[in-house]
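Asker: Any chance you can model this:
(one chain, ligands or ions: 2)
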Amino acid sequence: MERYGEVQAGSKYEAVYKESIENPSAFWGREAERLAWFKRWDTVLDDSNPPFYRWFVGGELNTCYNAVDVHVENGRADQAALIYDSPVTDTVTSFTYGELQGQVAKLAGALKSMGVEKGDTVVIYMPMIPEAAMAMLACARLGAIHSVVFGGFAARELAVRIDDAKPKAILSASCGIEVKKVIPYKPLLDEAIRQAAHKPEKCLILQRPQATAELTPGRDLDWREAVEGAEPAECVPVQATDPLYILYTSGTTGMPKGVVRDNGGHAVALRWTMKHIYGIEPGQVFWAASDVGWVVGHSYIVYGPLLTGATTILYEGKPIGTPDPGAFWRVISQHKVKALFCAPTAFRAIKREDPQGEYYKKYDLTGFETLFLAGERTDPDTYHWASDLLGVPVIDHWWQTETGWAITGNFRGLEFFPIKPGSAGKPMPGYNVKILNPDNGRELGPGQSGVIAVKLPLPPGTLPTLWKNDTRFKESYMDIYPGYYFTGDGGHMDDEGYVYVMGRVDDVINVAGHRLSTGDMEEVLARHPDVAECAVLGAADDLKGQVPIGFVVLKAGVSRDPQEIVKELIQMVRQDVGPIACFKSAVVVDRLPKTRSGKILRGTMRKIADGEQYRVPSTIDDPVILDEIKQAVARMGYGRRAS
Ligand code: COA
Ligand code: AMP
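Answerer: Ligands and ions are numbered 1, 2, ... in the order given. A predicted model of the protein is given here:
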């Protein structure tokens, strides 16, 4: 166990946590007072229709107003709101709250003249440029519901999301920049719209100098021209329970889940987290080195810091290669970052290139107080390396797209606990975390492993439902263990209440902190004309935590070179899911291990791919096949535990 600073006697945390669980209305009602409301709520928590809980019912507010305008009105007009730091374009630009308000209001005006109104959906498919954050805020300003799609997803993934969200408009840019590669986005957007059954009325395209896109007459508008000619739009009051955004996340099938976020609960919860978890006060600088396409980007590049009146960094670059493994230290020192939030994989990448931390020594990191890690488990090696190098607390905290903020962690602004490497900390206020026996749903005791669940209700800011799909919401999260939210993660809790998250219990994998569905990739492989059946699993990887590996059984009579087929399969996943899937290894096998009833033994295969001990299941059809799988995994270079 590691200790930093003083551990306070008597637990502030315990009192706060207890109240949040026993009297959530009092706890969150008090927090809500920090925001500006057009109309005060009637009820803090409406629990009359479980598992559909609603927060701040009857209240009216505007999230953009609380994230931008309120700070301008309260004397922060000249303070930096957003710093765009882009080593890939050699640019650093700062926007004050006053400037951000002006630009967001004009962009909202442009959207309004395109016909976007309160309740409409808007898809945002953009690289890491300030206009992406402005696009989100402009939608919020109008009461429109944004759905950001990560730029590393291919046209087919974008098309699936367009068909589900049915956007009135799509906002995009001509290209993204990946280290030294320029990636034209417009052809991907055009292809996605071609594939989708739903067609947006208008697209607003930001031309970047690195690649100019051709605009489709009648549908596409030039971003700068549209904004220049627009009248600034005012903030539109919305219900606290109205959706602010939809964010699609990988489930176990090819159809991603449209996680809905409301306006009121979200703003209240994020405001609380910035102060208490991250220790950030108005005027301080916070950096989440993620992408606006992920939940971390939504909560902690855009909304959390801005709702707080802090300064956020929007970084278009990587931890390494832009230009070197000192990139993070340069940004922290140049912008006086107080806390950084990133994925452990970023630190593994830096460690690989600069194991002695030579680049770190070149910068002055005075004022840097905490490193927060999430997106995947922080392995103890990475924890120790980062913690020794930085000499500040390294906090692993666990959360999901669904929750929008941490379920467990530690607190820089409430009570800081001794860190236990390998644990993702203690339950956050509002989260009644329980470990359940997967077979019967009974609560387990300290040290016992099971599935991690949260006793209902969930706190504000968490998903009220899935977009236009209450049934899937119930089936995926609420019906499995009635009365609990099923997280999809497994692990245990120790006798001091520390939670250990050991990995997904379903077919979701985490590649470099990016959540992906192996089921989605299997659907792609199954479309190959020579493939009879297939399985995709996550294998432990030293850099990316996990990478997907594929096993395919060919149709009878196929006599083509298996290597050729594997190459085609890799290309298909890149084409249909996107490069971000990092699907680079597959093998042709004679058969897949199955139970006698014909079910593929994924759990056992997963263990083999991870180099873990496994038991030969009693239901297996033919045990010899597990050795064949083990050999196939070894041929791909996997099957040993990542260090
Ligand atoms: N648009 C288009 N393509 C993208 C993209 C984007 N926004 N983001 C990634 N890609 C592409 C990359 O160019 C790469 O393509 P390639 O196969 O042609 O090289 C592929 O997707 C995989 O990208 P990435 O996972 O970034 O791998 P990498 O090897 O380039 O970099 C790391 C490795 C560890 C440096 C990188 O994964 C990283 O910084 N991870 C941090 C993850 C993170 O911030 N997660 C957010 C959750 S908190
Ligand atoms: P996402 O929805 O993309 O944020 O991914 C959520 C998933 O990432 C979780 O269900 C976990 O499997 C994993 N995850 C996120 N943070 C952590 C963490 N700190 N420790 C372990 N797993 C994590």
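
Asker: okay, CA-based contacts and neighbour counts for the rest of this
Answerer: OK.

Asker: Now the terminal residues of stretch 243-257, how far apart.
Answerer: 15 Å (C-alpha to C-alpha, to the nearest Å).

Asker: Also stretch 368-386?
Answerer: Length of stretch 368-386, first residue to last, C-alpha to C-alpha: 13 Å.

Asker: what does stretch 87-94 give?
Answerer: Stretch 87-94 has an end-to-end distance of 14 Å (C-alpha to C-alpha).

Asker: check which helix or strand covers the residue in the stretch 51-200 of the chain that ligand 1 sits nearest to.
Answerer: In the stretch 51-200 of the chain, the residue found nearest to ligand 1 is G152; the distance is 3.6 Å by C-alpha to the nearest ligand atom. With secondary structure defined by DSSP states H and E, G152 is part of neither a helix nor a strand.

Asker: And for it, nearest residue in space, chain neighbours not counted?
Answerer: I580 (5.5 Å; C-alpha to C-alpha, 6 or more residues apart in numbering).

Asker: what does this protein have sitting close to ligand 2?
Answerer: Among all residues of the chain, those adjacent to ligand 2 (criterion: C-alpha under 6 Å from any ligand atom) are 374-377, 396-401, 424, 489, 501, 503-504, 514-515.

Asker: Take these and keep only those in strands.
Answerer: When DSSP state E is applied, those are split such that 396, 489, 501, 503-504, 514-515 fall in strands.

Asker: who's in contact with L61?
Answerer: 36-39, 237-240, 263-264 (C-alpha atoms under 8 Å, 6 or more residues apart in numbering).

Asker: What count of nearby residues applies to the residue of the stretch 51-200 of the chain closest to ligand 1?
Answerer: Other residues within reach of G152 by the criterion other C-alpha atoms under 10 Å amount to 21.

Asker: For it, give me its contacts.
Answerer: Contacts here follow C-alpha under 8 Å, 6+ apart; on that basis G152 touches 578-580.

Asker: cool, and I280?
Answerer: Contacts were defined as C-alpha under 8 Å, 6+ apart; by that measure I280 touches 274, 286, 310, 338-339, 413.

Asker: Lowest-confidence one in these?
Answerer: The lowest pLDDT within the contacts of I280 belongs to G413, which sits at 95.

Asker: For that residue, which residues are in contact?
Answerer: Counting by C-alpha under 8 Å, 6+ apart, G413 touches 275-280.

Asker: Check V573 too.
Answerer: Applying C-alpha under 8 Å, 6+ apart, we find V573 in contact with 521, 524-525, 579, 581, 583.

Asker: Quickly find the element holding it.
Answerer: Secondary structure from DSSP H and E places V573 in helix 562-576.

Asker: Do that helix and ligand 1 come into contact?
Answerer: No. In terms of C-alpha under 6 Å from any ligand atom, no part of helix 562-576 sits within range of ligand 1; the closest distance is 8.1 Å.

Asker: which SSE is the residue nearest to H198 when sequence neighbours are not counted in?
Answerer: Here the nearest residue to H198 in space, its sequence neighbours aside, is D163; by C-alpha to C-alpha, 6+ apart that works out to 5.4 Å. Counting by DSSP H and E, the element that carries D163 is helix 155-165.

Asker: Please identify the buried residues of that helix?
Answerer: The neighbour-count criterion (16 or more other C-alpha atoms under 10 Å) identifies 155-165 as the buried residues of helix 155-165.

Asker: And for stretch 573-580?
Answerer: Residues of stretch 573-580 classed as buried: 573-580 (neighbour count, 16+ other C-alpha under 10 Å).

Asker: about what we covered before: any chance of the ones in strands among the residues of the chain next to ligand 2 in CSV, plus distance to ligand 1 and pLDDT?
Answerer: Converted to CSV, those look like this (distance: C-alpha to the nearest ligand atom, whole Å; pLDDT from 0 to 100):
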residue, distance to ligand 1, pLDDT
D396, 11, 97
D489, 17, 96
V501, 16, 96
G503, 16, 88
R504, 16, 91
H514, 6, 93
R515, 8, 92
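
Asker: Name the member of the residues you listed with the most neighbours.
Answerer: In terms of neighbour count, D396 stands highest of those at 28 neighbours, by other C-alpha under 10 Å.

Asker: Hmm, P380 and that residue touching each other?
Answerer: No. Distance between D396 and P380: 10.3 Å, which falls outside the contact criterion (C-alpha atoms under 8 Å).

Asker: contact partners of stretch 35-46?
Answerer: Identification of contacts with stretch 35-46 by C-alpha under 8 Å, 6+ apart yields 24-25, 28-29, 53-62, 66, 70, 237, 267-268.

Asker: pLDDT wise, what is G513 at?
Answerer: Predicted confidence (pLDDT) for G513: 89.

Asker: quick one, what contacts it?
Answerer: Contacts for G513 were tallied using C-alpha under 8 Å, 6+ apart; they are 343-345, 374-376, 544-545.

Asker: quick one: buried residues of the helix or strand bottoming out on mean pLDDT in the chain?
Answerer: Counting by mean pLDDT, DSSP states H and E, the chain has its least confident helix or strand at helix 602-609, which shows a mean of 88. Neighbour-count burial for helix 602-609, counted by 16+ other C-alpha under 10 Å, picks out 602, 604-609.
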